[in-house]
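**Q** sequence first, then the predicted structure:
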Amino acid sequence: MSSSLHKPLVYIISAPSGSGKSTLVNELLKSVSDLEFSISYTTRSPRGSETNGRQYYFVSRPEFEKMTRNGDFLEHAEFDGNLYGTARRFLHEAEQSGRDLLLDIDVQGAEQIQQKLTNATSIFILPPNRKILVERLRKRGEDRDEVIQRRVAAATREIENYDRYNYILINDHLEESIEILQAIVRSERLLRAGRPLARDESKIVKLADCCRLANVRERVKPILDSFGTTDDSGDGSPS
């Protein structure tokens, strides 16, 4: 099959700030081949050692708004006063290169992508509880207390949307979380191939299945409780 005919698998990863998402994504990209990472555009200023074109494409608000008018974004959203967006060109580039596409986007953006790309695989990363999230945010040393409080409040709102995702990964132990995230990506590829699985491949699919929404609800309940939210979403799962 020509690479130009490749229909990429699209993986959406969302998580509250401080959940360890960036570390997990970096480790995933090191270990799983043929996976293209979409770098988001943002109007916020770089933090720490961030550089343009690596963590984000940093653009002005007028430039971002022009891209929006031109239809350049697959999704875009505003968070904490800043604009974020995923360029449409990354999907075209993945199609041409024969690679799959990984999108690191927030809940608002994920909902837009899910409406446009109904076969996308969505993964939500949760912290073990509210206390640990606050500890991780403080340990980063990047934000003042009032900013941390805003991030925790935003996390509480985001976590309420966890049941819109196919997989829920609770990032408690880093090495285990890396292994599970790798398994989810590989499992989706194996299932799409539609062939009988070897024994080691079946183990990968089984590990990923442990994090499917329907199989993780009981583990999520105490996390919701720690954030003062409740699970009243029933037993349905996203298609």
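**A** Everything's here; your move.
**Q** what ranges do the strands span in the chain?
**A** Under the criterion DSSP state E, the chain carries strands at the ranges 10-14, 35-38, 41-42, 57-58, 73-79, 82-87, 100-104, 121-126, 167-170.
**Q** and stretch 154-166, end to end?
**A** Stretch 154-166 stretches 21 Å from its first residue to its last (C-alpha to C-alpha, to the nearest Å).
**Q** can you redo the strands of the chain as a markdown table with mean neighbour count and distance to residue 66?
**A** In this view, the C-beta of every residue, glycine as well, is placed from N, C-alpha and C. Below are those laid out as a markdown table (neighbours: other C-beta atoms under 10 Å; distance: least, C-beta to C-beta, whole Å):
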| stretch | mean neighbour count | distance to residue 66 |
| --- | --- | --- |
| strand 10-14 | 25 | 25 |
| strand 35-38 | 19 | 20 |
| strand 41-42 | 20 | 11 |
| strand 57-58 | 16 | 14 |
| strand 73-79 | 19 | 11 |
| strand 82-87 | 21 | 12 |
| strand 100-104 | 23 | 22 |
| strand 121-126 | 25 | 29 |
| strand 167-170 | 24 | 35 |
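**Q** quick one: the ones you listed as JSON lines, columns for distance to residue 20 and mean pLDDT too.
**A** Below are those laid out as JSON lines (distance: least, C-beta to C-beta, whole Å; pLDDT from 0 to 100):
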{"stretch": "strand 10-14", "distance to residue 20": "11", "mean pLDDT": "96"}
{"stretch": "strand 35-38", "distance to residue 20": "17", "mean pLDDT": "93"}
{"stretch": "strand 41-42", "distance to residue 20": "20", "mean pLDDT": "96"}
{"stretch": "strand 57-58", "distance to residue 20": "23", "mean pLDDT": "96"}
{"stretch": "strand 73-79", "distance to residue 20": "18", "mean pLDDT": "90"}
{"stretch": "strand 82-87", "distance to residue 20": "19", "mean pLDDT": "94"}
{"stretch": "strand 100-104", "distance to residue 20": "12", "mean pLDDT": "94"}
{"stretch": "strand 121-126", "distance to residue 20": "7", "mean pLDDT": "97"}
{"stretch": "strand 167-170", "distance to residue 20": "10", "mean pLDDT": "98"}
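**Q** these: which one's closest to residue 224?
**A** Comparing the strands of the chain by their distance to residue 224 (C-beta to C-beta), the top pick is strand 121-126, with 9.2 Å.
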